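A.B. asks: sharing a model that was predicted from the sequence below.
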Amino acid sequence: MEGRRCALVDSVQLHRYRRRVEHGHSSSGRRVFRLKDGAEAPFGGTWVVATRPLMRLRGLAGRAPDATTLVFPRCRDVHTITMRHRLDIAFLDRRGRVLGVHRQVPPGRRLRNRKARAVVERFARPGPWLRPGDCCRGIEEGRSWPWLERRLRRESVSRVRKHAVR
């Protein structure tokens, strides 16, 4: 009887763990969000990964407040100099964990985090937002400078060819 009870308790705990993970919670209590360009963001709106240089340069500046959540891969420094509205900003490390969160950042400010590898920003609005310890997965999929990566790949191939000829 004791063995059956332990097995039943273990299966119930496993079921609870699976439900937490399916609904965006890890075993440590951190929330985990899947980040994909064009997909629905967890707090409303859509994820937009800034992959092109012009998109990264412009950001949310000059836009009317909407439900877009913009992600800047390979970024650790943002400013709100040309903004007309307040922003919610979160810094992510290389694993996608939220390092720091800034709510209601007014125009004309500069924020940076040296440990950050990506930045998530949206127009400020009340309600839930990312919090330290949360995790965003899938940032590695966005390429911030594809033309530069192609150029570096070509240069490395040409270097290999030069060394092979000699």
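C.D. replies: Yes, it's here.
A.B. asks: residue boundaries of the strands in this protein?
C.D. replies: 32-34, 46-49, 68-73, 77-79, 87-92, 98-105, 110-112, 118-123, 135-137 (DSSP state E).
A.B. asks: pLDDT (mean, whole number) over the fifth one?
C.D. replies: Think strand 87-92. Mean per-residue pLDDT for strand 87-92: 96.
A.B. asks: that one - contacts with which helices or strands?
C.D. replies: When contacts are defined as 3 or more CB pairs under 8 Å, 6 or more residues apart in numbering; DSSP states H and E, strand 87-92 sits against strand 98-105, strand 118-123. For glycine as for every other residue, the C-beta is placed from the backbone atoms N, C-alpha and C.
A.B. asks: name the surrounding residues that touch it.
C.D. replies: 60, 76, 78, 80, 98-105, 111, 113, 115-125, 129-130, 136, 139 (CB atoms under 8 Å, 6 or more residues apart in numbering).
A.B. asks: out of those, which are buried?
C.D. replies: Buried members of the contacts of strand 87-92, counted by 16 or more other CB atoms under 10 Å: 60, 76, 78, 80, 98-102, 105, 111, 113, 116-125, 129-130, 136, 139.
A.B. asks: sketch out the low-pLDDT regions of this protein for me.
C.D. replies: Segments of the chain classed as low confidence (criterion: pLDDT under 70) are 1-29, 139-166.
A.B. asks: could you rerun that using 50?
C.D. replies: Along the chain, segments meeting pLDDT under 50 span 1-25, 141-145.
A.B. asks: and the helices in it?
C.D. replies: 2-22, 53-58, 146-165 (DSSP state H).
A.B. asks: buried stuff in the second one?
C.D. replies: By that I understand helix 53-58. R56.
A.B. asks: restricting to C-alpha, output it in CSV.
C.D. replies: Taking Å, rounded to 0.1, in the frame of the first residue of the first chain, the C-alpha atoms of helix 53-58 are listed here in CSV:
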residue,chain,number,x,y,z
PRO,A,53,19.7,48.0,-39.3
LEU,A,54,17.0,50.5,-40.2
MET,A,55,14.5,48.8,-37.9
ARG,A,56,17.0,48.8,-35.1
LEU,A,57,17.8,52.5,-35.6
ARG,A,58,14.1,53.6,-35.7
